[in-house]
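Student: could you look at this predicted model? Sequence included:
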Amino acid sequence: MFEGFKYWQAMRAFKQIPREQRRIVIYAESGQDWHHFKPVVDHLTGELNEPVIYITSKADDLALTLNNPNLRAFNVGEGAIRTAFFQWLDADVMVMTMVDLHNLQLKRSINPVYYAFMFHSLISTHMADHADTYDHYDAILCAGPHHIKEVRKRESLHELPAKDLFKHGYHRVEQLMEQRRDPPPYDGGNIHVLLAPSWGDDTILNICGVEITGLLLDAGFRVTLRPHFQTRWITPEAIDRVLAKYGEHPQFSLQEQLGENDTLFDSHIMITDWSGAGMDYALGLEKPVLYIDVPIKARNDIWPELELEPFESYIRDKIGTILPTAELDRIDTVIRDLVAQPATFRDNVRQIRHDWVFNVGHSSEAAAIAIQQMLVHAAEKRALANKPV
């Protein structure tokens with residue numbers, strides 16, 4: 001009851017902000033969203049001097065603790081108050097990383113709000129998400145050219161209204177580029193392998209986690225298991241099986257802390273399946289990825305209709321190697337080959353990054369400027385909504 005009252009107070013405080021100051025609203029479904037939004041908010045509230053209202057559903061969101069005169073942050077929780085907040089929202093632009101707007105319990109407002117989606121991954125739009133995941137946004141801040149192609153193709157096939165698409169980029173890759181440090185030089189015997197599967201039933205951990213861990217340790221590699229955070233909620237037994245057998249091994253460690261980066265920096269190679277983390281690792285840290293060829297991760301059956309290969313499929317053999325599960329006995333040799341020529345790999349991956357990620361090095365500035373441009377579109381949207389019939 002007390003928590004609900006706090007959320008109601010937060011919504012009431014938001015509504016008391018004069019309407020003309022409710023120009024830009026950002027919504028964070030997860031506390032992790034702040035890491036993606038922070039550089040954009042910094043540029044909006046700093047260089048562009050735009051007031052920003054930040055709505056979060058997490059009490060530990062760092063945005064709630066900041067002292068920024070151009071930023072006001074409120075926590076509306078995850079329940080009925082949040083649902084009501086969305087339904088009655090009256091603002092110009094709302095930016096979010098939340099997928100499936102209007103498809104699930106959180107709907108578009110009854111008021112003419114302009115909704116923008118910002119990607120927090122480089123994966124494509126049409127396979128790993130529902131087919132209509134992005135249909136109800138007015139604008140999309142695209143990470144790369146593949147996003148533009150995919151959105152436009154779906155709009156054409158299904159005669160959907162054209163969204164405003166902006167060339168944004170992807171801050172996570174920039175962050176890793178800026179913070180990275182090289183692991184100890186490879187000398188043939190000190191390879192540190194980061195095992196970082198995606199989440200779900202058909203992933204490395206569920207299919208062959210124990211087997212792969214054993215093969216890596218037998219090869220003399222240091223192994224860090226870094227499962228996706230949702231694995232602990234959805235299939236914790238997959239983690240526990242590996243721990244039961246190898247938890248005491250001196251070359252094995254488990255890392256489940258959100259936001260931890262040391263294992264990313266200190267490893268020589270990542271092993272994953274369909275996780276977007278592999279693209280972050282390769283493009284941000286310029287180190288190879290070994291993809292174990294488990295079944296594709298698709299949330300809809302009609303993704304082939306776009307006739308566009310998903311980026312997470314296209315890029316796998318460009319930033320590493322694909323290894324079938326029937327050939328796991330070759331994993332030792334494959335890993336040694338992948339890490340043997342780091343300079344050549346770096347040259348190749350830099351070109352891929354240039355071709356496939358927008359605005360590398362200044363994506364946050366690009367996003368902030370795009371959001372300012374959205375205010376113009378939002379004004380046009382309101383004018384149409386208020387035009388007499």
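Tutor: Cool, got the structure.

Student: show me where the stretch 51-200 of the chain has its helices.
Tutor: According to DSSP state H, counting those that start in this stretch, the stretch 51-200 of the chain carries its helices in the segments 80-88, 145-158, 171-179.

Student: nearest to residue 379, of the ones you listed?
Tutor: With respect to residue 379, and counting by C-beta to C-beta, the nearest of the helices of the stretch 51-200 of the chain is helix 80-88 at 20.3 Å. C-betas here are computed from N, CA, C, even on glycine.

Student: ok now the closest one, how far from the chain's centre?
Tutor: 25 Å (C-alpha atoms, centre = their mean, to the nearest Å).

Student: ditto for stretch 88-108
Tutor: Between the centre of stretch 88-108 and the centre of its chain there are 18 Å (C-alpha atoms, centre = their mean).

Student: same thing with stretch 3-13?
Tutor: Using C-alpha atoms, centre = their mean, the offset of stretch 3-13 from its chain centre is 29 Å.

Student: ok, residues contacting that stretch?
Tutor: Outside stretch 3-13, the residues within contact range by C-beta atoms under 8 Å, 6 or more residues apart in numbering are 74-77, 79-82, 84-85.

Student: make CSV out of the helices of the stretch 51-200 of the chain and add mean pLDDT and mean neighbour count.
Tutor: Written out in CSV, the entries for the helices of the stretch 51-200 of the chain read as follows (pLDDT from 0 to 100; neighbours: other C-beta atoms under 10 Å):
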stretch, mean pLDDT, mean neighbour count
helix 80-88, 97, 17
helix 145-158, 98, 17
helix 171-179, 95, 18
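
Student: a markdown table for those, including distance to residue 28?
Tutor: Formatted as a markdown table, these follow (distance: least, C-beta to C-beta, whole Å):
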| stretch | distance to residue 28 |
| --- | --- |
| helix 80-88 | 11 |
| helix 145-158 | 21 |
| helix 171-179 | 14 |
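
Student: can you say which of these is nearest to residue 193?
Tutor: Shortest distance between residue 193 and the helices of the stretch 51-200 of the chain, using C-beta to C-beta, is found for helix 171-179: 18.1 Å.

Student: how much space between the residue nearest to residue 102 when sequence neighbours are not counted and residue 115?
Tutor: Counting by C-beta to C-beta, 6 or more residues apart in numbering, residue 136 is the residue found nearest to residue 102 once chain neighbours are left out, at 3.9 Å. Between residue 136 and residue 115 the distance is 7 Å, computed by C-beta to C-beta, to the nearest Å.

Student: okay, those two: which has more neighbours?
Tutor: In this comparison of residue 136 against residue 115, neighbours counted by other C-beta atoms under 10 Å, the higher total goes to residue 115 at 24 against 16.

Student: list the contacts for that one?
Tutor: Neighbour list for residue 115: 93-94, 96, 101, 108, 136-139 [criterion: C-beta under 8 Å, 6+ apart].

Student: do a quick rundown of the strands in the stretch 1-150 of the chain.
Tutor: Taking DSSP state E, counting those that start in this stretch to define them, one finds strands in the stretch 1-150 of the chain at 24-28, 52-56, 71-75, 93-96, 114-118, 139-142.

Student: angle of the first one against helix 80-88?
Tutor: Looking back up the chat, that one is strand 24-28. 140 degrees (axes from the mean of the first three to the mean of the last three C-alpha atoms, to 10 degrees).

Student: how far is strand 24-28 from where the chain is centred?
Tutor: Chain-centre distance of strand 24-28: 17 Å, with C-alpha atoms, centre = their mean.

Student: where does residue 338 land in three-state SS?
Tutor: Assigned state for residue 338: helix (three-state reduction, DSSP: H, G, I helix; E, B strand; the rest coil).

Student: re earlier: for the residue nearest to residue 102, give its distance to residue 103.
Tutor: According to C-beta to C-beta, residue 136 and residue 103 sit 7 Å apart.

Student: next one: residue 49
Tutor: Residue 49 sits 35 Å away from residue 103, going by C-beta to C-beta.

Student: higher neighbour count, those two?
Tutor: The residue with more neighbours, out of residue 49 and residue 103 and counting by other C-beta under 10 Å, is residue 103; that gives 14 against 8.

Student: where does pLDDT dip in the stretch 251-389 of the chain?
Tutor: Within the stretch 251-389 of the chain, the stretches with pLDDT under 70 are 258, 389.

Student: quick one: end-to-end length of stretch 42-58, please.
Tutor: Separation of the first and last residues of stretch 42-58 by C-alpha to C-alpha, to the nearest Å is 20 Å.
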